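Engineer: sequence unknown, structure follows:
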């Protein structure tokens, strides 16, 4: 079973950037499809981005396309989310998640993912 730990969250002004990291341990990271989700207060958890086990296929929510980039380094058992041009509506707790399956396209629903981190807070001020 894989354990996931997010880091890199914080407070940033609108238009700024942050890079989130998700460190994995206890499993075969390179075999998992990975994803980022976020949850704002009073809202449901929503998909942000996903990356296939080999890094060759990525999926993004429309709201972050062109601003966020997901990547992974299987040698370091780590996934990243580079977030640029941040907006106040990006404020949320960000979670990384792992899917044991290997879909051709990373899944966009939370129920597909088997393992979750504890989350890291991202706050974007206007």
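Structural biologist: Received, thanks. If you're wondering where the values come from, they're calculated on a predicted model, not measured in any experiment.

Engineer: rest of the way, CA atoms for contacts and neighbours
Structural biologist: Will do.

Engineer: Could you find the residue nearest the spatial middle of this structure?
Structural biologist: residue 36 (2.1 Å; C-alpha atoms, centre = their mean).

Engineer: Contacts only, for that residue.
Structural biologist: For residue 36, the contacting residues are 47-50, 81, 94-97, by C-alpha atoms under 8 Å, 6 or more residues apart in numbering.

Engineer: So which of these is surrounded by the most neighbours?
Structural biologist: Greatest neighbour count in the contacts of residue 36, by other C-alpha atoms under 10 Å, goes to residue 96: 31 neighbours.

Engineer: That one belongs to a strand?
Structural biologist: Yes. Assessed with DSSP: H, G, I helix; E, B strand; the rest coil, residue 96 lies in a strand.

Engineer: who does the residue nearest to the centre of the chain bridge with?
Structural biologist: Beta bridges link residue 36 to residue 49, residue 96, judged by DSSP bridges.

Engineer: mind checking how far it is from residue 91?
Structural biologist: Computed as C-alpha to C-alpha, to the nearest Å, the residue 36 to residue 91 distance reads 14 Å.

Engineer: same deal with residue 66?
Structural biologist: Counting by C-alpha to C-alpha - residue 66 and residue 91 are separated by 17 Å.

Engineer: Could you check which of these two has the larger neighbour count?
Structural biologist: Neighbour comparison, residue 66 and residue 91: the larger count goes to residue 91, with 20 against 11 (by other C-alpha under 10 Å).

Engineer: re the thing from before, could I get the contacts of residue 36 in JSON lines, plus columns for pLDDT and distance to residue 120?
Structural biologist: Converted to JSON lines, the contacts of residue 36 look like this (pLDDT from 0 to 100; distance: C-alpha to C-alpha, whole Å):
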{"residue": "47", "pLDDT": "98", "distance to residue 120": "15"}
{"residue": "48", "pLDDT": "98", "distance to residue 120": "14"}
{"residue": "49", "pLDDT": "98", "distance to residue 120": "16"}
{"residue": "50", "pLDDT": "97", "distance to residue 120": "17"}
{"residue": "81", "pLDDT": "98", "distance to residue 120": "12"}
{"residue": "94", "pLDDT": "98", "distance to residue 120": "5"}
{"residue": "95", "pLDDT": "98", "distance to residue 120": "7"}
{"residue": "96", "pLDDT": "98", "distance to residue 120": "9"}
{"residue": "97", "pLDDT": "98", "distance to residue 120": "13"}
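
Engineer: Thanks a lot, catch you later.
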